[in-house]
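Participant: sharing a model that was predicted from the sequence below.
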Amino acid sequence: MNSSDGLSQEVQEELNNEMYCCVDCSVETNSVSDFTENDTSELVCHDCYDENYTECYECSTTLHSDDTYDFNGDLRCMSCHNDICQECPECGTECHRDDMVWSDRYGDYLCDYCYEEHESNSYPEWEVYSNSFVKTRTTFVNPESDYYRNDTFYMIESKRYVGLELETNFRYDESLGDVQDDLNFALGKTRNTDNQDDFYRLGKSSVVSDGSVTSSAHRYGAELVMRPRRGDKVIEDADFMCKRLEQEWNAYASFKTGLHLHIDVQDYDWIHCCVLTLFTKLMEPHIYTWLPKSRYYGSGHQRWSRPVTQPVYDFQYVSSRDEFIDFFYDNGGYTNDKYNDKRYVGLNWHSHFQANQGLEIRYHSGTLQKEKIKHWTKFWTQVVDKSFEITEQMTNDYDFGSSSMYQSLTMPPSIKTKLAKLSTRYHGDSFSHSSDVGQSTDVYEYRKKSEVLRRYLGLPKKDRPYLLKPMVYYLRNRIDRSVMSIENIFDVFEIDKETQDFYKGRTEQLRLSMEEHVATKFYNDVFGSVDTIVEFDKNTCRFEYKDIFKDTFLLVNDDRRDDFISEHGAKQQVDYDLLRDYML
């Protein structure tokens, strides 16, 4: 018999007896009113719903408590939590995005605590040790713990520890772990011990991956990192490692590779850093001529050994450790990050400040040759040692700009003032054009001032006065347009004759290996910002301006004017004859 709704009585009874089940606790009843739908439209009993489910604090979506994110006592769904919360990259604490602060120094948003800590401690720790400690410490490879007789100093006179990083390529795809074990074991066997368990330990080197040295032409590469050694042991162990790399592992150095020195400078304070950086700035053009031109121009759209970026003019403002940090990192660019962009400067202080790995010298191209490694290490350890000694001759109770060293490069304030007035008065003056015409008093005054500057600069006397503007421009800018002579460099840093001859020969060898137009462009680029030769007197700790590249100062009514690029520019091209006198 059919019911009024058309269903059989049996079907109706079955529907009336249908059981509903809670997906959380599995309790069953036959009344749907005993249940509530959860966030996935499944039935949950009221007790489970009250105990296990909640609404998102932000969007009111229903969700299981296990799927919520608790922040400051408020539960949110994942989407809302990710929208409003962020993890502090420094300490890992989750913070509301509105409560985080952007840090220019760190380069990211930080929580309030880390922001205050980072900003108040935005300079690296800088602890200075004594020079005697640096020369006698046994922190790294030493005779007592590494089973060799003693440290000697015939090749490398410096007592400072030096670590080497030798980037290299391989002809085949080698296991770097196997290369490392082989090098360490082989070197360990040369030590004064028969305990084979020590052999792997005594190599004190690692071979690590380095993607910067590979390309389609040089598919395989790595970096040999040698723990710091002292004196001749640096060169002896490097020579052993390099020969084994070549002979046993088919290693070679391409233009992609570099040789990096890490020199212990823990006795350096801010003023020592200023002195060494200034000397390096004044030597750099010569240094680039000792190396393949790729070290100056870079490779793979990257310059791996950039010049010192700070102008000499800015050295005057440094008078403390923090100010040197600001100076080197271009006014606030220090970050405790290995890959800070300043690590790619040829004179890399970032390695010292960020990782306590000593001053890194990055200029040199890759090599596995003993002689190149020896002379490069000898040169830079001498520069570091002598820069320290020169600094110790100076009192350090002033800002660097007040030192006799810096003052010798600049001009007295009275002369600066007069030059500024001359620059203003004769800006666009008629004498800088085609004729010596004007009021007689103007002509007389012009010639008088021109003669004073001629004598000050030591220029030869001519039949007509020199134009004022080029001389004024030169004097106002020469502090940032100077280079030390090569003989003065060798004298100041007491470079022995063997190394002098090596770099003089190396410069000429590299010059002759280039086509003439390539060499001309390279030298014009390297010395493009240089007008003047300066030399340093070790006895007085002062520089002296010695010579000017090329007779480039125009005369009034000068026939050469049309050939000059700009009457303001004191130097139009590199004078190779004069330059060679100061280089070779």
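Facilitator: Cool, the structure landed.
Participant: grab the nearest non-local neighbour of the residue nearest to the spatial centre of the chain.
Facilitator: Nearest to the mean C-alpha position of the chain, counting by C-alpha atoms, centre = their mean, stands residue 343 at 2.2 Å. Setting aside the residues directly before and after it, residue 343 is nearest to residue 350 in space (C-beta to C-beta, 6 or more residues apart in numbering), at 4.5 Å. The way it works is simple: take the backbone N, C-alpha and C, and place the C-beta from them, glycine included.
Participant: got phi/psi on the one you found?
Facilitator: Dihedral angles phi and psi of residue 350 (degrees, to the nearest 10) take the values phi -60, psi -40.
Participant: please enumerate the helices of the stretch 1-150 of the chain.
Facilitator: Along the stretch 1-150 of the chain, the stretches classed as helices by DSSP state H, counting those that start in this stretch are 9-16, 46-52, 78-84, 112-120, 131-136, 143-146.
Participant: and the second one, what does it pack against?
Facilitator: On a contact count with 3 or more C-beta pairs under 8 Å, 6 or more residues apart in numbering; DSSP states H and E, helix 46-52 meets strand 35-37.
Participant: list the buried residues for the strand it packs on?
Facilitator: Using 16 or more other C-beta atoms under 10 Å as the burial criterion, the residues of strand 35-37 that qualify are 35-36.
Participant: now stretch 22-42
Facilitator: Buried residues in stretch 22-42, counted by 16+ other C-beta under 10 Å: 22, 24, 35-36, 38.
Participant: ok, stretch 522-533 next?
Facilitator: Using 16+ other C-beta under 10 Å as the test for burial, stretch 522-533 gives 522-523, 526-527, 530-533.
Participant: just name the closest of those residues to residue 546, please.
Facilitator: Residue 546 has its nearest neighbour among those in residue 533, at 4.5 Å by C-beta to C-beta.
Participant: what does whichever strand or helix holds that closest one contact?
Facilitator: Assigned by DSSP states H and E, residue 533 falls within strand 532-537. In this structure, residues lying in contact with strand 532-537 by C-beta atoms under 8 Å, 6 or more residues apart in numbering are 279, 282, 405, 409, 478, 481-485, 488, 492, 542-549, 582.
Participant: pLDDT averaged over it - what is it?
Facilitator: The predicted model assigns strand 532-537 a mean pLDDT of 93.
Participant: partner strands of that strand, with direction?
Facilitator: Its sheet considered, strand 532-537 pairs with strand 482-484 (parallel), strand 542-548 (antiparallel) by DSSP bridges.
Participant: for whichever helix in the chain runs longest, the distance to its chain's centre please.
Facilitator: Taking DSSP state H as the criterion, the chain has its longest helix at helix 370-393. Centroid separation between helix 370-393 and its chain, computed with C-alpha atoms, centre = their mean, to the nearest Å, is 20 Å.
Participant: again, but for stretch 167-186
Facilitator: For stretch 167-186, the distance from its own C-alpha centre to the chain's C-alpha centre is 28 Å (C-alpha atoms, centre = their mean).
Participant: same thing with stretch 300-314?
Facilitator: Its chain's C-alpha centre lies 8 Å from the corresponding centre of stretch 300-314 when counted by C-alpha atoms, centre = their mean.
Participant: how far away is the residue nearest to residue 144 when sequence neighbours are not counted from residue 247?
Facilitator: Leaving aside its chain neighbours, residue 144 sits nearest to residue 138 (6.7 Å; criterion: C-beta to C-beta, 6+ apart). Between residue 138 and residue 247 the distance, using C-beta to C-beta, to the nearest Å, works out to 32 Å.
Participant: which one's more surrounded, the two?
Facilitator: A side-by-side neighbour count of residue 138 and residue 247, using other C-beta atoms under 10 Å, places residue 138 first with 13 against 9.
Participant: wait, that one sits on residue 145?
Facilitator: Yes: taking contact to mean C-beta atoms under 8 Å, the distance of 7.5 Å between residue 138 and residue 145 places them in contact.
Participant: so what sits against both of these two?
Facilitator: Overlap of the contact sets of residue 138 and residue 145 (by C-beta under 8 Å, 6+ apart) is empty.
Participant: separation between residue 243 and residue 368?
Facilitator: Here the criterion is C-beta to C-beta. By it, residue 243 lies 8 Å from residue 368.
Participant: neighbour count winner among those two?
Facilitator: Residue environment comparison for residue 243 versus residue 368 gives the larger neighbour count to residue 368, 22 against 14, counting by other C-beta under 10 Å.
Participant: for that one, which non-adjacent residue is spatially closest?
Facilitator: Among residues not flanking residue 368 along the chain, residue 242 sits closest, at 3.9 Å (C-beta to C-beta, 6+ apart).
Participant: mind giving me the packing neighbours of the host helix or strand of that neighbour?
Facilitator: For residue 242, the enclosing helix or strand under DSSP H and E is helix 232-249. For helix 232-249, the packing partners by 3+ C-beta pairs under 8 Å, 6+ apart come out as strand 161-170, helix 176-188, strand 220-230, strand 251-252, helix 370-393.
Participant: now do the same end-to-end measure for stretch 474-482.
Facilitator: The first and final residues of stretch 474-482 sit 11 Å from each other (C-alpha to C-alpha, to the nearest Å).
Participant: beta-bridge partners for residue 69, please?
Facilitator: Partner residues in beta bridges with residue 69: residue 76, with DSSP bridges as the criterion.
Participant: thinking again about what came up before, closest one of the buried residues of stretch 522-533 to residue 98?
Facilitator: Distance to residue 98 across those (C-beta to C-beta) is lowest for residue 526, with 52.0 Å.
Participant: I'd like to know how far that closest one sits from residue 183.
Facilitator: As defined by C-beta to C-beta, residue 526 lies at a distance of 36 Å from residue 183.
Participant: likewise for residue 354?
Facilitator: Shown here: residue 354 relative to residue 183, a distance of 27 Å by C-beta to C-beta.
Participant: ok, residue 51 next?
Facilitator: In this structure, residue 51 and residue 183 are separated by 64 Å, where distance is defined by C-beta to C-beta.
Participant: look at those two and report which has more neighbours.
Facilitator: The residue with the greater number of neighbours, taking residue 51 and residue 183 and applying other C-beta under 10 Å, is residue 183; the counts read 25 against 13.
Participant: does the more buried one touch residue 203 like I think?
Facilitator: Yes: the pair residue 183 and residue 203 passes the contact test of C-beta under 8 Å, sitting 5.8 Å apart.
Participant: leaving out sequence neighbours, find the closest residue to residue 422.
Facilitator: Going by C-beta to C-beta, 6+ apart, residue 422 has residue 472 as its nearest residue, at 5.2 Å.
Participant: is the one you found in contact with residue 419, as I believe?
Facilitator: Yes: with the criterion set as C-beta under 8 Å, residue 472 and residue 419 qualify as a contacting pair; they are 5.4 Å apart.
Participant: quick one: which of those two has more around it?
Facilitator: Each of residue 472 and residue 419 has its neighbours counted (other C-beta under 10 Å); residue 472 has more, 24 against 18.
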